[in-house]
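*Asks:* Prediction below, plus the sequence it came from.
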Amino acid sequence: MDKPHRKIVTRFAPSPTGFMHVGGIRTALYSYLWARKNGGTFILRIEDTDKEREVAGSMEHIIESLKWLGIDWDEGPDIGGPHAPYIQSHRLSLYKKYADILIKKGYAYPDPYTEDEVEKFRKEAEANKAPFLFREHRPKEFGVWDGTRPLRFKVPTIKRYEWHDLVFGNLSAGEEALDDFILIKTDGYPTYNFAHIVDDIEMGVTHVTRGQEFISSTPKFLSLYEALGEEPPMFATFAPIMADDGKRKLGKRDGAKDILLYREEGYLPEAVVNFLAFLGWNPGDEREILTSGELIQSFDLEKVQKSGAQLNDEKLDWINREYLKKLSYEEQEEYISKFIPSDLKLLPQYTNEIVHNITPIIIERISKGSDVIAMAEAGELSYFFIKPTLSKDSLFFKSSKIPGENRYRILADYLEYTVSLLDQIEEALFTKEKVKDAIWLYAEQVGRGDILWPMRYALSGLDKSPDPFILSEIFGKKETLSRLHSAISLLQK
RNA sequence: GGCCCCAUCGUCUAACGGUUAGGACAUCGCCUUCUCAAGGCGGUAAUCAGAGUUCGAUUCUCUGUGGGGUCACCA
């Protein structure tokens, strides 16, 4: 392995056509990790040469997405840099300069055909089941380009190209992959094919990371580098992230969602980064949870998977949970309070102390990234703040093991005795251990299910909830007894 | 249709040509002395098919099959 003598420069170059989803983010992440691993430069460049498809606000949205994930860049549209500007539409004179060089060298010419004529050629090729090649219709004489016609590249040599890709290894393509593509459109903007190469040359990009869809146009890029007399960069191509059925590249139609939605759903940025890094790469050992520092250290483009990977939401949930557990207590508290619905926050019962107390059990109960929201919506959080509305039927139903006409009175008696036991505990010592000790002997005698369920239900009002001991501790003695009394009086009616 | 690429448990993946094919998520079972969740322990589960090379193929070669990409004044 020879050491690179040039500083490594990578770039992420999205076009501002909407939000970022996992596919684009993963490409950005790999590019970023590679630059950071090698102490190189990571550039953010905006490729806005298609004014038709551009969506207003996309650039800001992309920047926000990357920042949320902690992916930062050394040069970019927001921070500038030695190769500014970093927005292609602000660099038109540069593309013109390169176009003139190509014209001078005889490697560019105005396309003499109308769009309809070109379309006809394309149809003919299709009818003959042959790939469409513009160069077969290349005019004998090149006219003078005045900007009213598209400027086309004249492929210098028609030959088979072979090149090395960091991910895919040795690749090659035949002559049919080579064609006279458009450099500058009639609207004056360069095409991606032209602009990205000019920029990569100008910005000194050493490693081009990109999606698999660009493999087949690589010979065109290579021949353009050749015509310009420039050394091409290293390529690292990534297989696409696949949709749920594993058969199609994940697209916005398949539910690929805005990466920022993950933030709203309660996923931590570190978890999303960890998850995406592992979608098509792994450190080669059995670690699954890697901090971004460890990711940078272990990352290797050559170990990136060649085949497309499917999104696995459950694994994301698991990773997110792991990160949630790693947060400090204060961070967990902050995280939880962000997801408590605002109407609950307006209640007089809502206090920082309660949030503080419920944090560990909420964290423990989160099984999905979006569970916090789900719990909030289902009112599962609210029982900490609002005294539950109980019904006699629920108590009866769940405690049906107690037979006979007197079951309500029996239950009430149980709860009364529970109250008397708890009442003996000092308020300051009202911990889950103490409560458990006090209740347990009694519960063993009476029947655990019979007594623990009504107690838990009286406290939470829910079928499924944390155990009654932890609930008692969180509510405190006063509130615990008050809730038990409410249940008793209901049963005595 | 031409060209290019890919192929290990359901999913993400590991394995100098020699491993009882490993791990993680999911799933199933047990434990965690009431529920749910979390946690602990354990189980089920894979080399696309067929040839060839080799003492020996997940690994190398070929063919087939399946899948993906591409053939724009989109990126």
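*Replies:* Everything's here; your move.
*Asks:* mind listing what's buried in the longest helix seen in chain A?
*Replies:* Criterion DSSP state H: the longest helix present in chain A is helix A:468-492. Within helix A:468-492, the residues scored as buried using 16 or more other CB atoms under 10 Å are A:468-475, A:477, A:479-481, A:483-484, A:486-488, A:490-491. Just so you know, the C-beta spots here come from the backbone N, C-alpha and C atoms, and that holds for glycine as well.
*Asks:* list the contacts for residue A:414?
*Replies:* Taking CB atoms under 8 Å, 6 or more residues apart in numbering, we find residue A:414 in contact with A:446, A:450, A:451, A:454.
*Asks:* I'd like the distance between it and RNA strand B.
*Replies:* Distance, residue A:414 to RNA strand B, using CB to the nearest atom of the strand, to the nearest Å: 13 Å.
*Asks:* now whichever strand or helix holds that residue and helix A:468-492, what's the angle there?
*Replies:* Assigned by DSSP states H and E, residue A:414 falls within helix A:407-423. Per axes from the mean of the first three to the mean of the last three CA atoms, to 10 degrees, the angle that helix A:407-423 makes with helix A:468-492 is 140 degrees.
*Asks:* what comes into contact with the longest helix of chain A?
*Replies:* Residues contacting helix A:468-492 (CB under 8 Å, 6+ apart): A:354, A:357-358, A:361, A:384, A:387-388, A:390-392, A:395, A:408-409, A:411-412, A:415-416, A:418-419, A:422-423, A:425, A:427, A:430-433, A:435-436, A:439, A:452, A:454-460, A:465.
*Asks:* before we move on, what about stretch A:277-296?
*Replies:* A:22, A:26, A:29-30, A:33, A:36-37, A:70, A:238-239, A:241, A:270, A:273-274, A:298-300, A:303-305, A:308-309, A:311-312, A:319, A:322-323.
*Asks:* got it, and stretch A:84-103?
*Replies:* By CB under 8 Å, 6+ apart, the residues outside stretch A:84-103 that reach it are A:43-49, A:51, A:59, A:75-77, A:80, A:108-109, A:145, A:151, A:153, A:183-184, A:188-190, A:194-195, A:198-199, A:202, A:227-228.
*Asks:* Derive a PyMOL selection command for the buried subset of those.
*Replies:* Remark: buried members of the contacts of stretch A:84-103, expressed as a PyMOL selection using 16+ other CB under 10 Å:
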select buried, chain A and resi 43+44+45+46+47+48+49+59+75+76+77+108+109+145+151+153+183+184+189+190+194+195+198+199+227+228
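*Asks:* Quick check: which ranges of chain A have low pLDDT?
*Replies:* Regions of chain A meeting the criterion pLDDT under 70 cover residues A:1-5, A:367-379, A:395-404.
*Asks:* Look up how far residue A:406 lies from the closest residue in space to residue A:412 that isn't next to it in sequence.
*Replies:* Ranked by CB to CB, 6 or more residues apart in numbering and with sequence neighbours excluded, the top spatial neighbour of residue A:412 is residue A:491, at 4.0 Å. As defined by CB to CB, to the nearest Å, residue A:491 lies at a distance of 11 Å from residue A:406.
*Asks:* got it, and residue A:467?
*Replies:* Distance from residue A:467 to residue A:406, by CB to CB: 27 Å.
*Asks:* the more surrounded of these two?
*Replies:* Higher neighbour count among residue A:467 and residue A:406: residue A:467, with 16 against 11, using other CB atoms under 10 Å.
*Asks:* burial count for the residue lying closest to the more buried one once chain neighbours are set aside?
*Replies:* Distances taken as CB to CB, 6+ apart place residue A:456 nearest to residue A:467, at 6.6 Å, with adjacent residues excluded. Neighbour count for residue A:456, taken as other CB under 10 Å: 22.
*Asks:* and if you look at the one 5 residues further on?
*Replies:* Residues contacting residue A:461 under the criterion other CB under 10 Å number 21.
*Asks:* Residue A:390 is in contact with that one, correct?
*Replies:* Yes. Judged on CB atoms under 8 Å, residue A:461 makes contact with residue A:390 at a distance of 5.8 Å.
*Asks:* Would you mind listing what in the stretch 251-400 of chain A touches RNA strand B?
*Replies:* Residues of the stretch 251-400 of chain A found near RNA strand B (CB under 7 Å from any atom of the strand) are A:278-280, A:282, A:284, A:286, A:288, A:303, A:305-310, A:312, A:314-315, A:317-318, A:321, A:364-367.
*Asks:* Now, the residues you listed that are in strands?
*Replies:* Among those, the members falling in strands (DSSP state E) are A:309, A:310.
*Asks:* Which among the residues of the stretch 251-400 of chain A next to RNA strand B count as buried?
*Replies:* Buried by 16+ other CB under 10 Å: A:278, A:279, A:280, A:282, A:308, A:309, A:317, A:318, A:321, A:366, out of these.
*Asks:* Put together JSON lines for those residues, with distance to residue A:206 on each row.
*Replies:* Converted to JSON lines, those look like this (distance: CB to CB, whole Å):
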{"residue": "A:278", "distance to residue A:206": "25"}
{"residue": "A:279", "distance to residue A:206": "25"}
{"residue": "A:280", "distance to residue A:206": "22"}
{"residue": "A:282", "distance to residue A:206": "25"}
{"residue": "A:308", "distance to residue A:206": "26"}
{"residue": "A:309", "distance to residue A:206": "26"}
{"residue": "A:317", "distance to residue A:206": "37"}
{"residue": "A:318", "distance to residue A:206": "36"}
{"residue": "A:321", "distance to residue A:206": "38"}
{"residue": "A:366", "distance to residue A:206": "42"}
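*Asks:* If we only consider those residues, which is nearest to residue A:172?
*Replies:* Checking these against residue A:172 by CB to CB gives residue A:308 as the nearest, at 21.2 Å.
*Asks:* Show the contacting residues for the closest one.
*Replies:* Listed by CB under 8 Å, 6+ apart, the contact set of residue A:308 reads A:212, A:239, A:240, A:241, A:242, A:246, A:249, A:280.
*Asks:* Farthest-apart pair in those, please.
*Replies:* Of all pairs drawn from those, the greatest distance, 15.2 Å, lies between A:212 and A:246 (CB to CB).
*Asks:* So for these two, which residue has more residues nearby?
*Replies:* Neighbours were counted for residue A:212 and for residue A:246 using other CB under 10 Å; residue A:212 has more, 15 against 10.
*Asks:* Please report how far that one lies from RNA strand B.
*Replies:* For residue A:212 relative to RNA strand B (CB to the nearest atom of the strand), the value is 5 Å.
*Asks:* Report the contact partners of that residue.
*Replies:* Contacts for residue A:212 (CB under 8 Å, 6+ apart) come out as A:237, A:238, A:239, A:240, A:308.
*Asks:* Could you list which of the residues you listed belong to strands?
*Replies:* A:237, A:238.
*Asks:* among the contacts of residue A:212, who's most crowded?
*Replies:* residue A:238 (26 neighbours).
*Asks:* Please tell me I have it right and it contacts residue A:25.
*Replies:* No. At 11.7 Å, residue A:238 does not count as touching residue A:25 under the criterion of CB under 8 Å.
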